[in-house]
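Trainee: Structure for this input, please:
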Amino acid sequence: MTSHKTTVQTMKPATAAKKLGVYLEATPAEFQEGVVSRNELNALQSDPPEWLSTLRRTGPHPRPVVAAKLGVSIAGLARGGVTDPLTTEEIEALKAENPDWLVRERATQAEVRKEAARIKQKNAERTG
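Mentor: From the prediction side, this is the model:
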């Protein structure tokens, strides 16, 4: 009879931070320096500690989160000159300021979404 060992899946802190939607450099040192198991990640998602809740609420946020909050693509952020993580306050200030690049990128993103919806509808009609 062979003994079965269960292997615990782990991930690098950068991967865990990405899955949690937080900026790695803003996480506590013990998070950045360790490894995160699948069970630990699930626990962080279901019952986030104070540091995680605060990071999600106030930032700094990684580019994918910044892009989503502004309603633009990550490439659109870069075209607008936003390459660093932003806090929630900075994102709100950008929304209030509504610079030309943000207006353009939001319009571009709206067109991309509209086209994706059109293609999806066309494919559904073809297969349905």
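
Trainee: Sort out which residues of the lengthiest helix in the chain are buried, please.
Mentor: Ordering each helix of the chain by length in residues (DSSP state H) puts helix 100-127 first. For helix 100-127, the neighbour count (16 or more other C-beta atoms under 10 Å) marks Trp101, Leu102, Glu105, Gln109 as buried. For the C-beta atoms, the positions are set from N, CA and C on the backbone; glycine is no exception.

Trainee: likewise stretch 75-93?
Mentor: Buried, per 16+ other C-beta under 10 Å, within stretch 75-93: Gly76, Leu77, Gly80, Val82, Pro85, Leu86, Thr88, Glu90, Ile91.

Trainee: In these, find the pair that's most separated.
Mentor: Gly76 and Thr88 (19.0 Å; C-beta to C-beta).

Trainee: The protein: strands as residue ranges?
Mentor: Applying DSSP state E to the chain gives strands spanning 10-11, 36-37.

Trainee: how about TSV for those, with mean pLDDT added?
Mentor: Formatted as TSV, the strands of the chain follow (pLDDT from 0 to 100):
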stretch	mean pLDDT
strand 10-11	90
strand 36-37	92
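
Trainee: and the ones you listed, which is most packed in?
Mentor: strand 36-37 (a mean of 18; mean count of other C-beta atoms under 10 Å).
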